Structures are given as structure tokens and as C-alpha cells.
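> Sharing a sequence plus its predicted fold:
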Protein chains: 4
Amino acid sequence: MYQKNPTCDLNHGPIQEDQLKLVSRKRVPEGTVIDVSGIQIGGPEIVIIAGPCSVESEEQLSSTATAVKELGAHILRGGAYKPRTSPYSFQGLQDEGLTLLSWIRDEIDIPVVTEVMDPRKLELVCEHADILQIGSRNMHNTPLLNEVGKVRKPVLLKRGMSATIEEFLYAAEYIIKQGNDQVILCERGIRTFEPSTRFTLDIGAIPVLKRLSHLPVIVDPSHGTGHWWMVPGLAKAAIAAGADGLIIEVHCDPQNALCDGGQSLHPDTFKDLMDELFKVALAVGRSISSSVVIR
Amino acid sequence: MYQKNPTCDLNHGPIQEDQLKLVSRKRVPEGTVIDVSGIQIGGPEIVIIAGPCSVESEEQLSSTATAVKELGAHILRGGAYKPRTSPYSFQGLQDEGLTLLSWIRDEIDIPVVTEVMDPRKLELVCEHADILQIGSRNMHNTPLLNEVGKVRKPVLLKRGMSATIEEFLYAAEYIIKQGNDQVILCERGIRTFEPSTRFTLDIGAIPVLKRLSHLPVIVDPSHGTGHWWMVPGLAKAAIAAGADGLIIEVHCDPQNALCDGGQSLHPDTFKDLMDELFKVALAVGRSISSSVVIR
Amino acid sequence: MYQKNPTCDLNHGPIQEDQLKLVSRKRVPEGTVIDVSGIQIGGPEIVIIAGPCSVESEEQLSSTATAVKELGAHILRGGAYKPRTSPYSFQGLQDEGLTLLSWIRDEIDIPVVTEVMDPRKLELVCEHADILQIGSRNMHNTPLLNEVGKVRKPVLLKRGMSATIEEFLYAAEYIIKQGNDQVILCERGIRTFEPSTRFTLDIGAIPVLKRLSHLPVIVDPSHGTGHWWMVPGLAKAAIAAGADGLIIEVHCDPQNALCDGGQSLHPDTFKDLMDELFKVALAVGRSISSSVVIR
Amino acid sequence: MYQKNPTCDLNHGPIQEDQLKLVSRKRVPEGTVIDVSGIQIGGPEIVIIAGPCSVESEEQLSSTATAVKELGAHILRGGAYKPRTSPYSFQGLQDEGLTLLSWIRDEIDIPVVTEVMDPRKLELVCEHADILQIGSRNMHNTPLLNEVGKVRKPVLLKRGMSATIEEFLYAAEYIIKQGNDQVILCERGIRTFEPSTRFTLDIGAIPVLKRLSHLPVIVDPSHGTGHWWMVPGLAKAAIAAGADGLIIEVHCDPQNALCDGGQSLHPDTFKDLMDELFKVALAVGRSISSSVVIR
């Protein structure tokens, strides 16, 4: 059943494509399209996910969600449980944040994606979210991967901050092996020696993932750079390189955000970016529908 | 309570020492010593943890455990739950592996350390293990850190494969903040561009951790290199640089190990290494007691 | 004159913008435009540099140069002196390669860029080339930087494979300090842990360089990825992110190239890419003139 | 003669040992010993090179050289030409620094090592130095490697800050291929994501280099860490792991050093370190002779 493995888990050398069975493009040559309340991820249309890093209050969530929806975002992002480096940083509103997300989803009629960090919270998150996010810090958390593999919700799987592309695909393989093949891959920047950006967004991962796997690929230019003024350039680059969508942090008052304000776009900047993305998408044979139309 | 944080979680620049409160050496200038069944970790004696990467069978565990104890190891290591890159690799014997560990602990009278990956398994692991290991892939798993912070067992916390030293210390801070201050830090190699070793063992982390924190520091030269023939050199280097102990993979039949055989020492090599470590420890003003004496 | 420097040359932490005097955007807020035989680098038009990794023969250079010029490339690239990892790899045709480059430049009327590695060859290279290239392996070679700073030829300066953006800008500062302010910055991929690509192309460096400096920025998607099939995606990404041009390896017979064949585009693929780049440039408010028109 | 190379210069995957011909241990199984004025590098004795980062003045050099010799250093280091990140930092005393080095060499009778950066200065440096240093920033500078390969002086070759071990050995291969087989390899830290140290000293490179090559291996714990208080721990680790020697920065007045003062040991700290190194060397079957005895 399990292969004998005299060598170590490797992290160098060429990708062993024959071991990546369920994620392999050979299995679904035309590519997988995932439907989220009528929105197609992985199809010809580019999908825009936007919203605050974390849910902070009803007022903050409501204003930001309304803004991003009006400006064309198809899906709302917002963290209820936040994995922070320091225990003294804001950890998210936890269960209360989930309730707020759920309420705004119904209120303004937009699907939501939020992170699940703890297998004991999975059932609760499934009740409130349309897409489950596995964050970068949990990409190697195999018990959690196995659990989200057992539910029937799309999973947005973020690349670990130092995961090779091969390891990233194996994490998706874990989820699909349990029965859930609705996995969306998300490149979000890798850790390198360069200190002027928070991470180094690996745009090259897009063509590699697209060649090896049938799964949709989206990009997070907010965490990938750490600076709001870099987000538009990298967002356009991701679409030009073949990404199926973007997940972008937007906050109505970035200066006072409780988390990652420095990388959040103000709605005005997001509006300008949407106009630019519309043109870049067309230039590469894709399109971005207004959220009203495609739902 | 929580600070407003307009910038992102940073991973560059100097360490903010004033934010690392509970792990700070200023709090325990003389250094923390952790007692595990009479073995002192962090005191003048160097502590050697040895054993197989994973528990494979009664016979395998028994022969390896007996060998390492006879050769002077103070604590037995062995994984029951294994975090593997591929879902098709051996995942450990799971609960059955724990039972075997527990049995051998009583049989040959040696404390054991084993990894806990899932908060739902924590109670079970606590029943069978003397030290809980948080593996590299879970260093950023804050729900798990919080849970092991609530129990009263020593925790061997491995550095994430791309965690900065600051992030590593914050992970320890999470555990101690919940009430459990028995944390042992373990450097186990970081991810770099160099392909000839599995990871790059960051020997420099030892003096940095010792300067900043009061917690004991041990080193894993097996995962840090990925090659058994590199383990002796790096083990000696770690002690020379000030580490309080080592965790070394030993297997009676490395060729047929189900996991990480390429980095496991045969007991004969481990024996030679123990003799060499004895001399290096003395050269830096430490010592290694035979396991019989110090228990 | 020289500041006393009690600390080490740093490579972490925020960029000290006040130390980057001559390259600073504050000095030339509108951005520097460099003229090469009537081609403007850094202006509204995107500039395409294409050609073989190395000059191999008259026939090879002639066929490739003719092809790329017909397909719209504005400048020809080709290495006469090649910095190879192994002394047993092809080292370039050396002086003879320069003569061939010079001949083809006149023959088909296209400016050429070629690498200079040795200060003793600088005068000779200046006679034959329109742009001097400083390769990635020599970005830290300060005697060479000082020498090219004394001539009056544009310099295409490639980022060192592990140079921070700050160090990259300091290398340009060396050149300008000697009197030559015609420096073109070239992002060409940095060294990371990811093994599936030759380097990790740092698309995020484009907006950072553009914000900090007035110098034109071009991108090398061939070395940056190491795989020809990745070049189109990354070339489009670079333009979308704000690059002023591209340097792309093209070879009429990649299978038999003496150097870097795996990353070279066949002219047919280059033709398709030019069509796509034309559209992406327009989408971001830039344009690509046919080489006939702009000269 | 030169092999056709359809793929790119690779930097991932296992080392192609059969391509590393002249540096291979198979060629000199017992290991190469290099004699520098009677001092044997690569033999059973550990060799200590010490001195200031750069030559600043007659007084500074004289006091530091006298101190390190009295404390047991066998060879004096000191830079006349300094490769600095910023053109506004102190660049060394240049030719005048060489003259000072030469004078002190005769005055206190100690061999000296100094860096050569420019092939046009090679003859001059050869007149004044006993060992030529190729710095980290020039490890990929093949014209310079070829030149030092043509002279009959020992070469201390530092690993490039992002060079793989394979590339490092190829750089040595370049030198030996030209006829000079007196090459000393020097590990000096690699560039990683970790910001608390200047570089990450790759102690694991020592056993890898020793296994693959017959050349002596020394370690630079000063540049490898960037902090003087880390130097003793890493110096001891290097010897414990099998290094043949150390190159350590010592300065009589580190606070006022013109270069890298933060990583320089005061002679008092160097004295304590020498006592400790003496014990660690014995513990691993080596020894450190006083400089008087072995000359």
C-alpha cells in the first residue's frame, strides 16, 4: 500500500510527475472549473476575490464588502481566525467574525471565503463560508488537509511560504485523495533573501502549475508584496501570466486596519485597478464580468 | 489588549526584543532547566535523544531503543504520526505506534518524545509520551501551539523550515503564554538554495537563541542534513557551538527504513559518534553522562 | 570623504534611500530615457532585445539576427565571452564572436548588446557593441563597474543572482558616480529554494525599482525561468507590471544550441509572443513599434 | 573539446561528480596539503588566519598584527582593495595598503593573505602577498579565476554568497585547470531569508567539501555571522565539523574600524577563543601549534 521509502522526503531536483496522480493535468486535460454559487473559477472569466484581511466589526465589514461588490469583485474575503506571528497581535474575532461574515453574505448577496485553521472548527466554518481557505502556514498541516478533503466545499489552498511547487501540489493531492476535488491553488509569495518586499511573489509558478495540474490557479498580490502600491503591478502581471483569478486585500480605512493595513488597497485604488485588469484580461484572451452579470 | 497593527507581520529587519516577553533571557538570566524523569535539559550535561524516524514495528522499535539506550542515549525518539510530503508515503502507525512507544518506554525504562500533529490527538499523546514534539511543519500552527500550552508536559518545538529566529521565538511565546513554560527549542535546518543537503543546518541560530532566550536549545543534525555521513560532523559542531543536546535518527536497518533511512545512523556509527561527542562536550566545559548514571 | 562605518555591509532591513543619490528618482522624477541609435529605452515604447545566448557561428548568428529583426526586435543580443559554471562548457567564441557581432550589426542594421567580463577587454567590446552588458555574476565586480562608468556607452546592468534590490541600485550608483549615467537595470531572476525553475523571476522588483530610481528597467524571462515554455507568460507579466523592455533568448535551432538551448525560443514561438506582447503593451498604456518604424 | 550543452547551467539537483575532475578527492585521496612559508594548510594542524578586515594605517596594522601573532595566529589577513556595496564606503587603501602589508610581513615575520579583485593588479598583489584571496563577490569572475590559475601562489577561494557547493568546486576547477593546484576553499556564509545574522554560515558545507574534494577547507565565522559575539561559537563549530583552519577578523579598536567593526574580535576575545579552539582541536584529533613552533 505505502511504498517503502529508503530516502528522505526530498525537496530538490526535478518534480516526480508520475507521483502527482490526482492533481495531474493528464487526468483533466481541459482543466477543472469550480462553481461557487454560479461563479466559475478556472473558466475563461477572471475571478476577483476582495475584502479585508480580517473581519474587525460589522461596520468595517459592511462598508468594505459593499464597496468591493459594487466595484466588481465576485467573492468576499475576510479572516475570522488569524494566524499571527505574535500572540500579542490581533487574532481575529474568531467565531463572532464568522457570524458577521455569514450575515454580510446574505445581506449583500456575495459568496465568502475564510480561513479554517483548526479541524475542530471545520464544521462551523463550513456552515458560514462558501470557500474554505487553507492558509500558507497550514499547507503542510496534513490532518487539516485530510479533514477539508472530506467535506464538499471548494478549498482555496495557499502555497506554503517555503513550499516547493511539488510540495504545494502534494498538499492538493492530500485533499483530493480524501474525495474533495474542488481545490483552487493560490500562489502568495515565497520567502527569499530580498528584504524590500514581504515575500517574493513567484509569478513563474503560474505557468508551472498550469502545465502540471488541471486545478485553477489564483494569485494573492497583497501578501506576496506587503506594500499596497505594488499590488496593481503584480495583479496585472498575474493575469498576464495566465492566472485564473486574484485575491486582493481591500480596506475602507487601511491606516487603521487591525491587520496588514500596509498592504491593503483603499477602494479608490481598487476601482482603478479593476479598470486596468479589465484591459489586461482582454489582452490575454480572458475577460472579467461584472459581478452582477455572472451571478 | 491587542495592539493596533497598521503594518504587516514583518519578516525582515532586526528582532524586536521587547516584544518577546516570556521567552526573553532577561526573565530567566541563568537559563531554564527542564526535568524529564530526572534528566535535566538545559543544565551542564548534554542530553542525547535518539531513535528511529518512525515507529515501524515492535521488533524495529525494541531493537533500536535497546541499542541507543545501551550506547548512552537518554531519551528515545520515534514518530507515530508522520507528516509526509506525499499522501502515498508511509504516514506512521498512528495510534498503534503510540501504544508501541509507551510499551517500550516501560520495558526498557527510557523517556520518549513523539510528535503531535492534531489537537484532537493531544490527550492521547500526553498519556504515552514524556515530551511532546511540535514538528517543523506545524511551528506556525497556532491552534496546536495554544493547546500544548495548556498541558503540563515539556514541549520540543522544532523551528519551521523557513521560520526566522524571531518567528521561532514567537511560537515558543504562544506556548508559554498559555501557561506551559517547559519549551525546548530545536534547530533542524532551514530551506535555502543549496541542493546538496536536504536543509541547511543553521548552527548560528544556537548562539542567537541562547543570547535572546532562556530556553534550552537542541539540534537535529539528521533532518538538518539528510545524509547519515554528515550527522557526526554537524552533531559535534552543534555541541561546540553551545547546544544543550541533540536529537539523532538511529535505525538498526537504515536500508529498509520506511522513512528517512538515508539520514539514519546505524547503531555502530552512533556508538563512534557518542565517543567523539563525549570529548567535544568536555572541550567546551560540558559533559555527557551515561544514561544509567543520570537517571 | 568616506564615512566611518562601524557596522558591516548590511543586507537586511529597509533600503537606505538617502544613500542612493545618483540613481534616485528624486534626481530625475520624469525618468531617464536612453537613446541607442534612435531607439528610446525608458520612454513610452517597449523595447525588445532578442538573439542567441551566445554567438556560435556566422550562419547561426545571421539566421537568428535576421529572424528576430524581421519579427520586430529592436536590438540584437549575443554573447562573445560567456561566464560558464564549468570550465569544460563552451566559453564563447571570445574576440572572434565580437567580430561576428560587429559584422552582423552592419549587415542587417541593428544595434547589439554583448557582455563584457574583463576590464582588459573593455576597449575592444566598446568598438563592437552599442550596449555593454554587465552580467549577473559580475554585478558585484566593482573594478569592472568603475571601468564601464568611465566610457560613454549605455550599460545594461543585470541584477546579481542573490543581490538585494538595494545592492543592485548601489552597483548602478558605482557606474554613474564615474560619470556614465546611461544605465539600464535588468531583473533576471534570483536564487531561491524552488527547484522547478532555474531562478525565481522577481517581477515585484519592477515596481520597487521604478519607485526608487529613474533608470529604465528591463526583464530577462529566459534566464529568469530556464524553460522556453515559461518565457511567454513571464514576458507578458513583466510588461504588465511596468517593465520598459525585455531581453529574450531566441535561437533558430534550440536543440543544438551550444549554450542554454532549453530556455531559447524558436523564432516561430517568438513571433507568436510578439503578437501577444503588442496587445499587453497597449492594455497598460504602452506600445511596441515595429523596429523599422522607430529607427 | 567543449561539450554541446542543450540544457542550461543548472543549479538544482545532485552534484555531477564526474564533471569535477581536478578538484575530486579521487584524484588525491589523502588530501592536499599546501605549504605557506612552512605552515601546512590541510595537514593535521589547524591553521589560524587573523587580522583586520581592511588595512587602515601603519599603526592599526602594526598593533593588530603584533597582537594576533603573539596570540598564536599563523597568518595575517588584511584587505587593501575592498569590495564594498556602496561607492561611498571606504574602499581600502589600495596600493598603499599593499605596501603596508608587505612591510609588516617582513617586520614581524608572518605570511599575509590579501584580496585581489582586478586582473590588472594581480602582478602587484603577487609581489606583496603569500596567499591571494578571491572574495565571495568574485567567485564567479572567470577571467580573474583564470589569471590566478596561471601564477604560482596559493589561492584562498571564498564561496560566492549564493553559490552552490557544486559551483564553488567548479570555480576551484577553473583555477586548477590553468595549472595552479594550490587552492584553499573557504566557506563564509550563504544568503538566506534569516535576517538576524549577516549570512548563514553553512557548517554542513565542510563535510560535503571534504568528501568530494581533496582541497583544504577553512571557515570565516566573521563574515558568516556579522556579529563578533557569534564568532567564538561558530569558530569552534567549524573545527568540530572538520575544517582545516579559520580566518577571523581581529581589530585593536573595533568601535572605530573603517570596515566591518561589528564583526571584529578585540584581541582579548581572540585570546580567549584561541584557548578554547586549542581544546576543541584536540577533542577531534587535531592540534593547533603556536605560531612560533610551526614556522
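Alright, I've got the coordinates.
> low-confidence ranges in the stretch 1-150 of chain A?
Scanning the stretch 1-150 of chain A with the threshold set as pLDDT under 70 gives A:1-13.
> so where do the strands sit in it?
With DSSP state E, counting those that start in this stretch, the ranges of strands along the stretch 1-150 of chain A come out as A:34-36, A:39-41, A:47-51, A:75-77, A:112-115, A:131-134.
> List the buried residues for the longest helix that chain A contains?
The longest helix of chain A (DSSP state H) is helix A:267-283. Across helix A:267-283, burial judged by 16 or more other Cβ atoms under 10 Å in any protein chain shown covers A:267, A:269-271, A:273-274, A:276-281, A:283. From N, CA and C alone the C-beta is placed, and that goes for glycine too.
> just to revisit the earlier point, closest to chain D out of the strands of the stretch 1-150 of chain A?
Taking Cβ to the nearest Cβ, strand A:131-134 is the member of the strands of the stretch 1-150 of chain A nearest to chain D, at 22.1 Å.
> For that closest one, C-alpha coordinates in PDB please.
Provided in PDB are the C-alpha atoms of strand A:131-134 (Å, rounded to 0.1, in the frame of the first residue of the first chain):
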ATOM      1  CA  ILE A 131     -15.000  28.500   0.100                       C
ATOM      2  CA  LEU A 132     -12.600  27.200   2.800                       C
ATOM      3  CA  GLN A 133      -9.200  28.700   2.900                       C
ATOM      4  CA  ILE A 134      -6.100  26.800   4.000                       C
END
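> anything in it sitting right up against chain B?
No: using Cβ under 8 Å from any Cβ of the partner chain, strand A:131-134 never reaches chain B; the gap is at least 11.6 Å.
> so what secondary structure elements neighbour that strand?
For strand A:131-134, the helices and strands in contact under the criterion 3 or more Cβ pairs under 8 Å, 6 or more residues apart in numbering or on different chains; DSSP states H and E are strand A:112-115, helix A:122-128, helix A:142-148, strand A:155-158.
> Residue numbers of the stretch 51-200 of chain A in contact with chain C?
Listed as neighbours of chain C in the stretch 51-200 of chain A under the rule Cβ under 8 Å from any Cβ: A:162, A:164, A:165, A:166, A:190, A:192, A:193, A:194, A:195, A:196, A:197, A:200.
> Report the angle between the longest helix of chain A and helix C:267-283.
Here helix A:267-283 runs at an angle of 150 degrees relative to helix C:267-283 (axes from the mean of the first three to the mean of the last three Cα atoms, to 10 degrees).
> which residues touch helix A:267-283?
Residues from elsewhere that reach helix A:267-283 (Cβ atoms under 8 Å, 6 or more residues apart in numbering or on different chains): A:46, A:48, A:50, A:64, A:67-68, A:71-72, A:228, A:231-232, A:235-236, A:239-240, A:246, A:248, A:250, A:252, A:265, A:287-288, C:240, C:276, C:279-280, C:282-284.
> List the ones among those that fall in helices.
Those of the contacts of helix A:267-283 mapping onto helices are A:64, A:67-68, A:231-232, A:235-236, A:239-240, C:240, C:276, C:279-280, C:282-283, per DSSP H.
> What is the nearest of the residues you listed to residue B:42?
residue A:231 (45.5 Å; Cβ to Cβ).
> Residue A:145 against residue A:134, yeah?
Yes: counting by Cβ atoms under 8 Å, residue A:145 does reach residue A:134; the two are 6.9 Å apart.
> who's more crowded, the two?
Applying other Cβ atoms under 10 Å in any protein chain shown to residue A:145 and residue A:134 shows that residue A:145 carries more neighbours, namely 27 against 24.
> Using just helix, strand and coil, how would you label the residue lying closest to that one once chain neighbours are set aside?
Closest residue to residue A:145 in three dimensions, ignoring its sequence neighbours and counting by Cβ to Cβ, 6 or more residues apart in numbering or on different chains: residue A:174, at 4.1 Å. Using DSSP: H, G, I helix; E, B strand; the rest coil, the structure places residue A:174 in helix.
> Can you verify my assumption that residue A:174 contacts residue B:85?
No: contact criterion Cβ under 8 Å: residue A:174 and residue B:85 do not qualify, at 9.5 Å.
> Of these two, which one has the most company?
Using other Cβ under 10 Å, the more surrounded residue of residue A:174 and residue B:85 is residue A:174, with 27 against 23.
> how near is the more buried one to chain D?
Using Cβ to the nearest Cβ, to the nearest Å, we find residue A:174 at a distance of 24 Å from chain D.
> List the residues that contact that residue.
A:142, A:145, A:146, A:149, B:87.
> now for those, which pair is the farthest apart?
A:142 and A:149, at 10.0 Å, using Cβ to Cβ across the contacts of residue A:174.
> Same drill for the two, tell me which one is more crowded.
A side-by-side neighbour count of residue A:142 and residue A:149, using other Cβ under 10 Å, places residue A:142 first with 23 against 20.
> can you count the residues close to residue A:261?
Burial of residue A:261 is recorded as 21 neighbouring residues (other Cβ under 10 Å).
> Can you read off the pLDDT for it?
Per-residue confidence (pLDDT) for residue A:261: 83.
> Make sure it is actually in contact with residue A:255.
Yes: because the distance of 6.2 Å satisfies Cβ under 8 Å, residue A:261 is recorded as touching residue A:255.
> quick revisit: quick check: neighbours shared by residue A:145 and residue A:134?
The contact sets of residue A:145 and residue A:134 overlap at residue A:171 (Cβ under 8 Å, 6+ apart).
> how close does residue A:18 get to chain D?
As judged by Cβ to the nearest Cβ, residue A:18 and chain D stand 17 Å apart.
> ok, now residue A:14?
7 Å.
> I figured that residue was touching residue C:226, is that so?
No: between residue A:14 and residue C:226 there is no contact under Cβ under 8 Å: 11.7 Å.
> which of those two has more neighbours?
Taking neighbours as other Cβ under 10 Å, residue A:14 and residue C:226 compare with residue C:226 leading, 24 against 10.
> and the gap between the more buried one and residue C:234?
From residue C:226 across to residue C:234, the span is 11 Å (Cβ to Cβ, to the nearest Å).
> With residue A:193 instead?
Distance of residue A:193 to residue C:234, computed by Cβ to Cβ: 20 Å.
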